[in-house]
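In: Structure of the sequence below:
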Amino acid sequence: MTSSSRANGPGLKPTNFGTTGTYRNLSAYKKAVLDAITDRASEFNAVHSKYEEYLKWLVDNATGDETFFDKSLFDALKTTQPNSWNELNVYFIEVLGPIYIIEQLELFESSEEIDVPESAIQGAYDFAVDGAQISVKKSGGSKTNTLKPGDIVANQSFGDFISGLPDNDIKKLIYQIFEVLNEHSALDGPIKLLYGTNGTNGLLSELKPTKKGDDQNFMLDPSTGTPSREAKELYANDIETSINKWSTQTANANAMREFNGDYLLYSGLGLFTISISDRTGRGTANYSTTPSGSSLAGKGRASFRYGRNGELKMAKGEKMGISMKF
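Out: Model (predicted):
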């Protein structure tokens, strides 16, 4: 089956279900989710006759040892466009999150209020229970860009903690990096880190190309003139890549992980995963407050590129932030 003939996979984000908002307790939230699935039954059952039933089963079976294995269903989900099995493990787990953290992990009472934000712009969390903010991530997946510069610099208590560190502490430099990224656009921030205001005072000026007469330095160094947007977009991906590599060097990576852990401590943000098995159909949840890895990374294209047919694809990047693994 070619990609053009694949069934369309229905969206599985909380916004697709219309389940964002505040709920007085778990019972109210579960009812809203189940009703939303029912309302979209025709979408799901167009992929497979048991798709709606399976989604409801996941909602109702956070606990227990029952299984739901249907090879034809799971195979069908893996052949949609986009891949619905992957979408279950990336986006539908955000929908399941409040249910599983209460019923399976028993970290909160079912009577506690649940909040699901309209979008990630509202903060680094995907849902909150009794005011405790939780970030959801695919279990065992690649790193995810979760914490934005604005989230970090807006936390006054964390900023006070950082300001009390010795001047030579790398975590202080990391915080200053996020201040710069927060002050500037997704395109300009990384460039400012390398070139600063005069070409030599960037916090990460060490990452500039060292070859004499390098075109990047000539086109982006503010001392040679105001860089054009075209020049910025031409080198944006390369600059983000160099910053990411800097953050993964051993000493910096260790500091990044500590910085991330300290932020989580001061913000109260918890890290949550659900893994949905294609052998049992069950979802298994895990909760942590300590990242296993952190780095600086962007999300989306930092600069334009050309598509397969030569068409121009414009930049769609977000500000660089902390990409966490947990």
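In: Can I get stretch 181-190 in PDB? Just the C-alpha atoms.
Out: Extracted in PDB, the C-alpha atoms of stretch 181-190 (Å, rounded to 0.1, in the frame of the first residue of the first chain):
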ATOM      1  CA  LEU A 181      17.100  33.200  24.000                       C
ATOM      2  CA  ASN A 182      14.100  34.600  25.800                       C
ATOM      3  CA  GLU A 183      14.800  38.200  24.900                       C
ATOM      4  CA  HIS A 184      15.100  37.400  21.200                       C
ATOM      5  CA  SER A 185      13.200  35.600  18.500                       C
ATOM      6  CA  ALA A 186      13.700  32.000  17.600                       C
ATOM      7  CA  LEU A 187      15.900  33.100  14.700                       C
ATOM      8  CA  ASP A 188      17.900  35.800  16.400                       C
ATOM      9  CA  GLY A 189      18.500  34.200  19.800                       C
ATOM     10  CA  PRO A 190      21.000  31.500  18.800                       C
END
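In: What average pLDDT does that stretch get?
Out: Average pLDDT, stretch 181-190: 96.
In: Just the residues contacting it, thanks.
Out: By CB atoms under 8 Å, 6 or more residues apart in numbering, the list of residues contacting stretch 181-190 from outside reads 149-150, 152-153, 180, 192-193, 229, 232-233, 236, 239-240, 243, 298, 302-303, 315, 317-321. Every residue, glycine included, has its C-beta placed from N, CA and C.
In: Just the ones of the residues you listed in strands?
Out: When these are checked against strands (DSSP state E), the matches are 298, 318, 319, 320, 321.
In: quick revisit: write the ChimeraX selection for whichever of the contacts of stretch 181-190 are buried.
Out: The ChimeraX command for the buried members of the contacts of stretch 181-190 (criterion: 16 or more other CB atoms under 10 Å) is given here:
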select :149,150,152,153,180,192,193,232,233,236,239,240,243,298,302,303,315,317,319,320,321
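In: picking that back up, mind picking the lowest-pLDDT entry from the ones in strands among the contacts of stretch 181-190?
Out: In terms of pLDDT, the lowest of the ones in strands among the contacts of stretch 181-190 is residue 318, showing 81.
In: From residue 207, how far out is the closest residue to that residue other than its chain neighbours?
Out: Spatial nearest neighbour of residue 318, excluding adjacent residues (CB to CB, 6 or more residues apart in numbering): residue 299 at 4.5 Å. As for residue 299, its distance to residue 207 is 20 Å (criterion: CB to CB, to the nearest Å).
In: cool, and residue 133?
Out: Noted for residue 133: a distance of 33 Å to residue 207, by CB to CB.
In: mind listing which of the contacts of stretch 181-190 are in helices?
Out: Members of the contacts of stretch 181-190 lying in helices (criterion: DSSP state H): 149-150, 152-153, 180, 192-193, 229, 232-233, 236, 239-240, 243.
In: Looking at the residues you listed, which is nearest residue 33?
Out: Using CB to CB, residue 150 comes nearest to residue 33 of the ones in helices among the contacts of stretch 181-190, at 29.5 Å.
In: returning to what we had before: I'd like the ones in helices among the contacts of stretch 181-190 laid out as a markdown table, including distance to residue 249.
Out: What follows is these, written out as a markdown table (distance: CB to CB, whole Å):
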| residue | distance to residue 249 |
| --- | --- |
| 149 | 21 |
| 150 | 26 |
| 152 | 21 |
| 153 | 24 |
| 180 | 19 |
| 192 | 21 |
| 193 | 15 |
| 229 | 31 |
| 232 | 25 |
| 233 | 27 |
| 236 | 21 |
| 239 | 16 |
| 240 | 16 |
| 243 | 11 |
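In: what two of those residues are the furthest from one another?
Out: Largest pairwise distance in those, by CB to CB, is 26.7 Å, between 152 and 229.
In: Show me the helices in the chain, by range?
Out: Per DSSP H, the chain carries helices over the ranges 14-17, 26-39, 41-45, 51-60, 71-77, 84-87, 93-103, 149-153, 156-163, 170-183, 188-195, 215-220, 229-248, 250-267.
In: Of all those helices, which one comes closest to residue 124?
Out: helix 149-153 (4.7 Å).
In: Residue 246 reaches residue 203, doesn't it?
Out: No. Judged on CB atoms under 8 Å, residue 246 makes no contact with residue 203 at a distance of 10.6 Å.
In: coming back round to it: so which of the helices of the chain gets nearest residue 111?
Out: helix 26-39 (7.6 Å).
In: contacting residues for residue 38?
Out: Counting by CB under 8 Å, 6+ apart, residue 38 has contacts residue 52.
In: any idea how far residue 59 is from it?
Out: With CB to CB as the criterion, residue 38 and residue 59 are 11 Å apart.
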